[in-house]
Each structure stands twice: as structure tokens, then as C-alpha cells.
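A.B. asks: Below: sequence and its predicted model.
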Amino acid sequence: MRIDFFEEFPDKDLKKAKLINFNSTIYIAANSFDDFKKYKKRLKEINPRLEAAYWPFFKKSCWISPFSYTVDLKKFIKDIEEKNKGKKL
């Protein structure tokens with residue numbers, strides 16, 4: 001069995017990550033890919049057993065879906081493309 005976690009309102013210290021003593025993925029809500037990378041780096045420093053996954057946080061939309069606001073999706077796609085130029089996504 002695998003247990004993963006969703007961190008909708010991460011604090012800078014990600015203190016709860018210290019409590020997890022098994023392999024897991026933490027889905028971290030972040031306003032931008034740059035913010036996510038900071039959280040990901042911090043998470044690895046705190047607990048190397050944990051993997052970080054990007055959970056894009058939008059101003060108007062809750063998540064990526066057919067009902068998401070176009071402006072939110074365009075900003076997300078632009079952010080990801082700019083940060084990953086030349087890389088396979």
C-alpha cells in the first residue's frame with residue numbers, strides 16, 4: 001500500500017514532513033513552478049524519502065479541468081514552458 005499526501009497550504013518549513021517515516025509523494029500546492037521548486041528542495045532537505053509533486057494553485061480555478069478559467073490555464077502553461085525550455089515534459 002502507498003500513502004501520498006496533499007499539502008494545500010504549505011508553510012515555509014514543511015514541518016510535517018519530518019513525521020513521515022516511509023516513502024511517499026507529497027503534492028504541494030504552489031502559485032508558480034518557481035515556488036514549487038523551492039518547496040521541493042526544502043522537502044528533500046527535511047526528508048529524503050519523500051518525493052514532491054507539483055499541484056498548481058490557481059487564483060480562480062480549483063484545479064486543472066474543463067471548468068478551469070482560461071486565464072489560469074494559459075498562465076500555468078506559459079510558466080511550465082518557460083521553466084522547461086528544451087526539456088521533455
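C.D. replies: Okay, I see it.
A.B. asks: The most centrally placed residue in the chain: what secondary structure?
C.D. replies: Taking Cα atoms, centre = their mean as the criterion, residue 54 is the residue nearest the geometric centre of the chain, at 2.4 Å. What DSSP: H, G, I helix; E, B strand; the rest coil gives for residue 54 is strand.
A.B. asks: can you pull the contacts of the closest residue to it other than its chain neighbours?
C.D. replies: Nearest residue to residue 54, sequence neighbours excluded (Cβ to Cβ, 6 or more residues apart in numbering): residue 36, at 4.6 Å. Where C-beta positions appear, they are placed from N, C-alpha and C, glycine not excepted. Residue 36 makes contact with 28, 30, 52, 54 under the criterion Cβ atoms under 8 Å, 6 or more residues apart in numbering.
A.B. asks: So which of those is surrounded by the most neighbours?
C.D. replies: Neighbour counts for the contacts of residue 36 peak at residue 28, which has 23 neighbours (criterion: other Cβ atoms under 10 Å).
A.B. asks: ok, that residue to residue 66 distance?
C.D. replies: As defined by Cβ to Cβ, to the nearest Å, residue 28 lies at a distance of 24 Å from residue 66.
A.B. asks: Likewise for residue 38?
C.D. replies: 30 Å.
A.B. asks: how about the helices in the chain?
C.D. replies: Ranges of helices in the chain, per DSSP state H, are 33-46, 70-83.
A.B. asks: Widest-spaced pair of the contacts of residue 36?
C.D. replies: 30 and 52 (9.7 Å; Cβ to Cβ).
A.B. asks: okay, and the common contacts of those two?
C.D. replies: With Cβ under 8 Å, 6+ apart, residue 30 and residue 52 have common neighbours 36, 39.
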